[in-house]
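**Q** Kindly generate the corresponding structure for this input.
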Amino acid sequence: MKKLAVVGLVSAALFGAATYSIAVQRDSDSALLREARKYFQPLPKEIPAPPDNPTTKEKVELGKMLYYDPRLSLSGVISCNTCHNLATYGVDNIETSLGHDFKTGGKNAPTVLNAGFQIAQFWDGRAKDLEEQAKGPILNPVEMAMPSPELVVERLKSIDEYVKAFKKAFPQDKDPVTYDNVAKAIAAFERTLVTPSRFDEFLRGNTKALTQKEKEGLKLFMEKGCVACHNGVDVGGNMFQKFGIYKPYPYQDPNDLGRYNVTKNEADKYVYKVPSLRNVTRTYPYFHDGKVWDLREAVKIMGETQLGITLTEEEIDKIVAFLDSLTGRIPENALKLPVLPPSSPNTPKPQK
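**A** Coordinates of the predicted model:
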């Protein structure tokens, strides 16, 4: 009997300790969630559209076709998806993208996923929204190299199925096949490219969505000050910041002046848009120049250049683990290749 009593007491003690441990963990998780909600918001289902370009099914379908169509380039080889490959999380995973005639630009291609949540487009913020951004690469001689909007429109108007699709997408327009509407349709499609992740589940109250290591990484991410710039619904993308506050960025090209090229303000030299960290484990290489391929190195550099701190290897491990929780689900429909309409005998031919 005495033995049974002792066993009973030990079992009760262990059960009590386990219950206490669970309660402590629950309280700790709740505190972490409350703190995280001060800095972050979960992704909505869709990126809000501007009043002059409401998102419609017809516009999204047309925009998807245009996004994947290489005929928007002079050579007929390069599409939006070439540099912003949706199968690889909206990037091309190289330092700087290959464009027309094998030219390369000076910046790493940022992901198109969730991009519409951001304050502006491009690393220097020269485009105010997705519509303005969509117009840039098509006419850029280093990228898709179309010589004029008129040639873009001429190609599209020569393809009957595109003419019909533009009429469906822009029924109020007398002449719907315009360069402005090309940009509006692509932007409408891009506003559907939202990638919810386990971190969003956590922010909505499911504290089991993150592993213990990821939670520790999130705690460090907030405590170390990363959230000063990487916050909000997109975990970044909502401000501009000088790269090299406490220490120069080791790979900085002195001729790349960042936002200064747009504003001509001395204070904007080496200032860039803070990138979103969503899907960051998939969108290597990192930074505006694509010089860093290892996320661990990128985190280390950020600690030194932006926060003035040296992170330990263990801290870097935990922060990288948290960043992986930001890897989201790409919409299935976006990954299904559209069947593009055939050219006609009158379609302007590809050029070198």
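**Q** low-confidence ranges in the protein?
**A** For the chain, the stretches with pLDDT under 70 are 1-24.
**Q** quick one, domains of it?
**A** By the record's domain assignment, the chain is partitioned as 57-194, 197-324 (automatic domain parsing).
**Q** Show the end-to-end separation of stretch 339-348, please.
**A** Using C-alpha to C-alpha, to the nearest Å, the span of stretch 339-348 from its first residue to its last is 20 Å.
**Q** residue contacts, T96?
**A** Residues counted as contacts of T96 (C-beta atoms under 8 Å, 6 or more residues apart in numbering) are T104, G105, G106, K107, N108, A109, D289, G290. For every residue, glycine as well, the C-beta is placed using N, CA and C.
**Q** could you redo the last one with a cut-off of 10 Å?
**A** 83, 103-109, 142, 285, 288-291 (C-beta atoms under 10 Å, 6 or more residues apart in numbering).
**Q** follow-up on the earlier one: dump the domains of the chain into JSON lines; add distance to A31 as well.
**A** Putting those into JSON lines (distance: least, C-beta to C-beta, whole Å) gives the following:
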{"stretch": "domain 57-194", "distance to A31": "27"}
{"stretch": "domain 197-324", "distance to A31": "10"}
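**Q** Kindly list the main-chain dihedrals of P331?
**A** P331 adopts backbone torsions of phi -50, psi 130, taken as degrees, to the nearest 10.
**Q** Hmm, it is touching L86, no?
**A** Yes. The pair P331 and L86 passes the contact test of C-beta atoms under 10 Å, sitting 8.9 Å apart.
**Q** Neighbour count for these two, which is higher?
**A** Per other C-beta atoms under 10 Å, whichever of P331 and L86 has more neighbours is L86, with 22 against 16.
**Q** Next, the distance between the ends of stretch 314-334.
**A** Criterion C-alpha to C-alpha; first-to-last residue distance in stretch 314-334 is 37 Å.
**Q** What of stretch 341-352?
**A** Here the two ends of stretch 341-352 are set 23 Å apart, with distance taken as C-alpha to C-alpha.
**Q** All set now, cheers.
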